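The amino acid sequence is not available; the structure is as follows:
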């Protein structure tokens, strides 16, 4: 009876494209904030503030201890984010006119949050094994790709007319930044996993990433810096390409933001290294990295897809040239 009542009420709900655009932006912000909340848990040494999952020391409430409250607070925020993403997934089907591409993409958000909760539980049970911690952050970045793509596609068509398709060179230049950004993120998680911010409090035995003995941290930091530098150079080259080819303004704006954020990350990273990785600065580094990642997603979405008509025209020109030569 209750389920039927809920279904009947949901059937009456309809939202406009503009309303769904706002809802998708709320989900994107929420999913970004949970990344920063999770980083705070790790950097404050609260990763095992609740050593079991989903309870905390066998109870449904945390102990009145700083680390327990921080870890349990992050779980509570995750629950709220889960409710938000479920709401987005439901409302996507109540959007009028209905767009199935948005509906299926919105469904990925709560599924991703559920996967994160399960992976978080495994991470706690494994006493913060570095592989699971790195995977936990990596999955967050994947969910942000889905959320960012949804927010972009959900724009009200009347206010966001699709710009003319960019040339293939511009499109593939922007897309080439994605694997580089992924490599930077992976290297960054490895450096953190090898560093002093293991996620555990003083006295807790937490495994750190260790494949080169005591030199692991130094190696991962320098590898991360080298990859980030290459990524920065690539971003500047792509920015120049888009400016010269006069790509659409949204894509150029995204690249401008990305280049600025990468430069800022370079400064933050250098100061971090010289000051021996202070907690607050590492958190800022993670925050800027998350926003930079979203800028890559923004740029790829804004640059669009290759124009099929252009490809057909090029094929026709090549065919005509072959015919003349024969």
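Yes, it's here. Small disclaimer: the values here were computed from a predicted structure and weren't measured. Numbers count the residues shown, from 1 in each chain.

domains for the protein, by residue range?
The domain map for the chain lists 15-160, 162-313, with the assignment taken from automatic domain parsing.

Let's have those domains in TSV, adding mean pLDDT and mean neighbour count.
In this view, the C-beta of every residue, glycine as well, is placed from N, C-alpha and C. Conversion of the domains of the chain to TSV gives the following (pLDDT from 0 to 100; neighbours: other C-beta atoms under 10 Å):
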stretch	mean pLDDT	mean neighbour count
domain 15-160	88	18
domain 162-313	86	17
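
excluding its backbone neighbours, what's nearest residue 253?
Leaving aside its chain neighbours, residue 253 sits nearest to residue 302 (7.9 Å; criterion: C-beta to C-beta, 6 or more residues apart in numbering).

what's the distance between residue 111 and residue 180?
From residue 111 over to residue 180 the distance is 27 Å, taken as C-beta to C-beta, to the nearest Å.

just the strands in the stretch 101-250 of the chain please.
Listed in chain order, the strands of the stretch 101-250 of the chain (DSSP state E, counting those that start in this stretch) amount to none at all.

hey, where'd the helices end up in it?
130-153, 168-175, 177-194, 216-244, 249-274 (DSSP state H, counting those that start in this stretch).

so which strand or helix has residue 284?
For residue 284, the enclosing helix or strand under DSSP states H and E is helix 279-303.

Determine the set of other helices and strands touching that helix.
Judged by 3 or more C-beta pairs under 8 Å, 6 or more residues apart in numbering; DSSP states H and E, the packing partners of helix 279-303 are helix 17-43, helix 130-153, helix 168-175, helix 177-194, helix 249-274.

how far off helix 177-194 does the first one point, in degrees?
So that's helix 17-43. Angle, helix 17-43 to helix 177-194, by axes from the mean of the first three to the mean of the last three C-alpha atoms, to 10 degrees: 30 degrees.

Now do helix 17-43: distance to the chain's middle.
Centroid separation between helix 17-43 and its chain, computed with C-alpha atoms, centre = their mean, to the nearest Å, is 10 Å.

That one versus helix 130-153: what angle between them?
160 degrees.

Residue 288 against residue 268, yeah?
Yes. In this structure residue 288 lies within contact range of residue 268 using C-beta atoms under 8 Å: 6.6 Å.
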